[in-house]
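S.K.: Have a look at this prediction, sequence included:
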Amino acid sequence: MNEVNIKSRRIWQIAYPIILGSIAQNLINFTDTAFLGRVGEIALGAGALGGLFYLAVIMLGLGFSTGAQIIIARRNGENKLCEVGSIIDHSVYFLSILAILAYLLLRYLSIDILGFAVKSEAIFHESAIYMKYRAVGIFFAFGNMVFRAFYVGLAKTKVITYTTVVLAVVNIILDYILIFGYYGAPRMGVGGAALASVIAEASALLYFITYTYANINFSDYKLFMFVRPDINKLTAILKVSVPIMMQQFISLSVWFVFFVFIEKIGEMALAVSNIIRSVYVILMIPVWGFATATNTLVSYLIGMKRQDLVMLLISKIVKLCFAGVLIIVSLGIFFPRLIMEVYTNEALIIETGVPVLKIVSIGALTLSIGFILFNAISGTGKTNVSLALELIVLSLYLSYTYVIINVFNASVSMAWTSEIVYGSLLSLFSYAYLKFGSWRKSHI
């Protein structure tokens with residue numbers, strides 16, 4: 001691979017469809033939060049906890065698909081496209097079984113977990129309603145992840161934009177109808193937000209299937225031949241994927257615990273934090289797009305035996321990502337009240353949320369560096385190392401959060417400084433490994 005392929009324009013060509021797709025996808029989070037903010041702070045809190053619990057479980061599937069994506073990118077760099085179909089087929093086998101288990105967890109065990117963790121009876125009741133509807137979406141979500149792994153691994157990312165636009169449009173329309181009960185529909189509140197998301201995920205999967213049949217020559221990749229499962233091939237994928245699965249599941253689980261800590265401060269603190277979570281996700285859109293591009297391009301370079309270009313690639317992506325996040329967070333820093341008013345008209349929530357929004361803006365800047373460096377490690381195939389680093393950082397993050405909330409009785413603003421701690425530590429540890437670690441001879 002020559003250097004022209006890692007110029008900023010090439011990085012942007014891969015990243016921007018994912019970023020646009022993330023914008024559409026995060027409109028779901030934005031819409032749910034904005035609509036539920038009009039229902040009340042109980043609905044906001046329940047949507048936060050239920051949504052985070054769902055995201056924590058869905059990260060298991062995303063972790064597996066990310067591992068498959070890294071291997072597909074490596075085969076692409078090695079010019080072994082005929083092996084891609086087998087990776088996808090085995091991903092379907094594994095994720096089908098995982099989806100069944102995840103559904104059982106979300107539909108039934110989640111109620112007991114929420115009942116144990118949540119102090120407010122009202123928030124627990126609404127969270128249980130949310131999970132009742134949301135659990136079904138896991139089947140469609142995992143299906144979408146298979147197609148995402150295929151297209152991102154091959155750096156054919158434009159379809160992700162189209163798919164997530166479908167996802168967002170369907171969700172926004174149904175949110176409006178089902179949450180408030182318009183056009184003859186029942187007024188479902190939190191349950192309506194969950195059901196709208198499920199239907200949106202199903203619509204996105206249908207689009208992925210239709211697009212793939214219309215635009216992809218299956219014989220080029222030996223795609224969807226569904227031969228007998230090969231335990232050795234599945235093991236090879238799992239070797240890369242399992243650490244990512246565990247890392248992402250643990251990461252979102254820790255964020256769920258963070259919100260449980262916030263709930264102990266009070267229902268108002270949880271309502272504010274749900275709004276901040278929605279804004280924070282928007283701030284992170286460029287980060288996820290460039291992080292995904294980092295995974296693919298690092299693995300592709302190593303497949304081409306061009307390890308000498310990896311650090312140059314990472315440096316370019318970090319600069320692009322930081323600049324993108326800086327543009328977005330400037331809105332949160334200079335116009336925090338205006339942003340809060342989009343979500344709610346309750347004065348106390350707005351006043352409490354303004355300083356928190358400024359804090360998470362700084363946190364997003366630290367993560368714009370940390371996530372790129374961290375995903376570069378995963379792209380090398382050293383996913384066991386990335387898992388170990390994440391566990392260390394998350395342990396420090398959770399300890400910090402617990403102490404300032406439960407020992408020092410910190411305000412919600414101080415609690416959110418933990419995001420700055422997390423981003424800074426992730427940047428430091430990831431850079432140290434890329435600089436001094438033994439990743440250059442990684443084989444997957």
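M.R.: On my side now, so go ahead. All of these numbers come straight from a predicted model, not from anything done at the bench.
S.K.: distance between stretch 173-190 and the chain's centre?
M.R.: In this view, stretch 173-190 has its centroid 27 Å away from the chain centroid, taken as Cα atoms, centre = their mean, to the nearest Å.
S.K.: Mind exporting the C-alpha coordinates of it to PDB?
M.R.: These are the backbone C-alpha positions of stretch 173-190, laid out as PDB (Å, rounded to 0.1, in the frame of the first residue of the first chain):
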ATOM      1  CA  ILE A 173     -41.900   9.400  12.900                       C
ATOM      2  CA  LEU A 174     -42.900   6.500  15.200                       C
ATOM      3  CA  ASP A 175     -41.600   8.200  18.300                       C
ATOM      4  CA  TYR A 176     -43.900  11.100  17.600                       C
ATOM      5  CA  ILE A 177     -46.900   8.800  17.100                       C
ATOM      6  CA  LEU A 178     -46.300   6.200  19.800                       C
ATOM      7  CA  ILE A 179     -44.900   8.300  22.700                       C
ATOM      8  CA  PHE A 180     -47.700  10.800  22.600                       C
ATOM      9  CA  GLY A 181     -50.500   8.700  21.000                       C
ATOM     10  CA  TYR A 182     -51.200  10.700  17.800                       C
ATOM     11  CA  TYR A 183     -53.200   9.500  14.800                       C
ATOM     12  CA  GLY A 184     -55.200   7.100  16.800                       C
ATOM     13  CA  ALA A 185     -52.300   5.200  18.300                       C
ATOM     14  CA  PRO A 186     -52.200   4.500  22.100                       C
ATOM     15  CA  ARG A 187     -50.200   7.000  24.200                       C
ATOM     16  CA  MET A 188     -47.300   4.600  25.200                       C
ATOM     17  CA  GLY A 189     -44.700   7.000  26.700                       C
ATOM     18  CA  VAL A 190     -41.500   5.100  27.400                       C
END
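S.K.: what's next to it, contact-wise?
M.R.: With contact meaning Cβ atoms under 8 Å, 6 or more residues apart in numbering, stretch 173-190 is reached by 31-32, 35-36, 39, 43, 46-47, 50, 126-127, 129-130, 191-193, 195-196, 199-200. The way it works is simple: take the backbone N, C-alpha and C, and place the C-beta from them, glycine included.
S.K.: ok, 7 Å please
M.R.: 31-32, 35-36, 39, 43, 46-47, 126, 129-130, 192-193, 195-196, 199-200 (Cβ atoms under 7 Å, 6 or more residues apart in numbering).
S.K.: Out of these, name the ones that lie in strands.
M.R.: Judged by DSSP state E, strands contain none of these.
S.K.: Just the buried ones from these?
M.R.: 31-32, 35-36, 39, 43, 46-47, 126, 129-130, 192-193, 195-196, 199-200 (16 or more other Cβ atoms under 10 Å).
S.K.: List the ones among these that fall in helices.
M.R.: 31-32, 35-36, 39, 43, 46-47, 126, 129-130, 192-193, 195-196, 199-200 (DSSP state H).
S.K.: Show me the shaky parts of this protein.
M.R.: 1-10, 12-30, 34, 37-38, 40-41, 44-45, 48, 117-119, 442, 444 (pLDDT under 70).
S.K.: List the residues that contact A149.
M.R.: 65, 68-69, 72, 91.
S.K.: mind putting these in CSV, neighbour count included?
M.R.: Below are the contacts of A149 laid out as CSV (neighbours: other Cβ atoms under 10 Å):
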residue, neighbour count
S65, 28
A68, 29
Q69, 30
I72, 29
S91, 27
